[in-house]
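K.L.:
This is the structure alone, sequence omitted:
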DNA sequence: TCGATAATATATCAATTCGATATATATCTT
DNA sequence: AAGATATATATCGAATTGATATATTATCGA
């Protein structure tokens, strides 16, 4: 599923500028989809060209002007079509796990730091999910399911690290 | 962490051809790092140019010839350096979760199919981990930790889906 | 033994994505 | 007045993805 499709998804919840779409990605989608301006702006240009969205320049007082995008009927149809034909892939790219796999090449102190940093990141993400859930009162059923899923998976990872970190460090110190 | 670095990591476990490196990615790293030939072969060419690996053409009987790569001292040093300076990012790109978030735009039957497919994929990945653990008898401590981590997280996700699928489908049917 | 399929092996390429950077306006703080 | 932060759009080189091309050998059923 490409950034174009995700932009259609965000716009199905209401009109937005590229900047606002980026904020939705950061605030609500960051646990399962990361995208930056470098992919969002070209995606919106292409969607406009395809007629899947329309674009209007909005002058603002006290802020720079913005381009607000609106989902067309053709855009919604294309979005539904993509959702219907997409396999539910779920892929992880984890530098954390790479670092752990090669932990025997690092000083134990650095491994401790890696685990601690990962735990901090998990806490930060948990807070973000909770904040996001409490803010969006009446959201779609899938949103609540997804938030719960992300939460559960993060908690399981946190508990595993906390339970096994001692064992890992012991094994690493024994080998060296 | 880029594909070049991961190739150095694989080669730190022993000499290998591009094809064999790909198999290691698939068999052992697939839960946290996916890479195809399109990134592996260019990475090996660049690493050779940098002097981080050496390459020798090996003729084989009963098989096509292969290029076997060997990690140099400079390569190992560069690998350690990268491991020392890399933040333990852990990112998920999940079409599954996107589909769930927009489940209200799909027929409930399709949502059921998505959840079932995801559960099948999880089972397949769990089997791969178990197979991988049983095959590599005496592996590095980090490898065991990483396998346990991946296993725990997958199990938590599976249990969540099984526990909450009924609720999600009920909510979706009520709205429509 | 013929033909199909699968496994081994390398390589390339267009399309997409990533990450950094550039530019500009307005607000808020010190 | 200076400096930091938030809003806002855009571009670009580098890296990655996913598909495709090519070739050899093995395997297995008809």
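P.N.:
Received, thanks. Remember, it's a predicted structure, so these values are computed and weren't measured experimentally.

K.L.:
Tell me where chain A has helices.
P.N.:
Here chain A has its helices, by DSSP state H, at A:3-11, A:18-24, A:37-50, A:73-85, A:95-101, A:108-135, A:141-175.

K.L.:
most packed of those?
P.N.:
helix A:95-101 (a mean of 25; mean count of other CB atoms under 10 Å in any protein chain shown). Heads up, the C-betas are built off the backbone N, CA and C, glycines and all.

K.L.:
Is it in proximity to DNA strand D?
P.N.:
No - Helix A:95-101 is not in contact with DNA strand D by CB under 7 Å from any atom of the strand; minimum separation 10.9 Å.

K.L.:
how about the residues of chain A near DNA strand C?
P.N.:
A:2-4, A:34-39, A:42-43, A:62-64.

K.L.:
so which of the helices of chain A gets nearest residue B:135?
P.N.:
helix A:95-101 (15.5 Å; CB to CB).

K.L.:
Residues of chain A that sit close to DNA strand D?
P.N.:
Counting by CB under 7 Å from any atom of the strand, chain A sits next to DNA strand D at A:17-20, A:22-23, A:37-38, A:41-42, A:44-45, A:60, A:63-68, A:93.

K.L.:
ok, which of those also contact chain B?
P.N.:
Contacts with chain B within the residues of chain A next to DNA strand D, as defined by CB under 8 Å from any CB of the partner chain: residue A:93.

K.L.:
Now find how far off-centre stretch A:155-174 is within its chain.
P.N.:
For stretch A:155-174, the separation from the chain centroid amounts to 26 Å (computed by CA atoms, centre = their mean, to the nearest Å).

K.L.:
Stretch A:113-127 too?
P.N.:
Relative to the centre of its chain, stretch A:113-127 is centred 16 Å away, using CA atoms, centre = their mean.

K.L.:
Please work out which residues outside it touch it.
P.N.:
By CB atoms under 8 Å, 6 or more residues apart in numbering or on different chains, the residues outside stretch A:113-127 that reach it are A:30-31, A:96, A:99-100, A:103, A:106, A:150-151, A:154-155, A:157-158, A:161-162, A:165, A:168, B:87-88, B:90.

K.L.:
quick one: the closest residue to residue A:136 other than its chain neighbours from residue A:173, how far?
P.N.:
Excluding its sequence neighbours, the residue lying closest to residue A:136 (CB to CB, 6 or more residues apart in numbering or on different chains) is residue A:143, at 6.9 Å. According to CB to CB, to the nearest Å, residue A:143 stands 45 Å off from residue A:173.

K.L.:
quick one, what contacts the residue nearest to residue A:5 when sequence neighbours are not counted?
P.N.:
Computed as CB to CB, 6+ apart, the closest residue to residue A:5 that is not its neighbour in sequence is residue A:82, at 4.9 Å. Applying CB under 8 Å, 6+ apart, we find residue A:82 in contact with A:1, A:5, A:8.

K.L.:
Residue A:82 and DNA strand D, how far apart?
P.N.:
Separation of residue A:82 from DNA strand D (CB to the nearest atom of the strand, to the nearest Å): 14 Å.

K.L.:
ditto for residue A:10
P.N.:
Remark: distance between residue A:10 and DNA strand D (CB to the nearest atom of the strand) = 13 Å.

K.L.:
mind checking how far that residue is from residue A:84?
P.N.:
19 Å.

K.L.:
likewise residue A:46?
P.N.:
21 Å.
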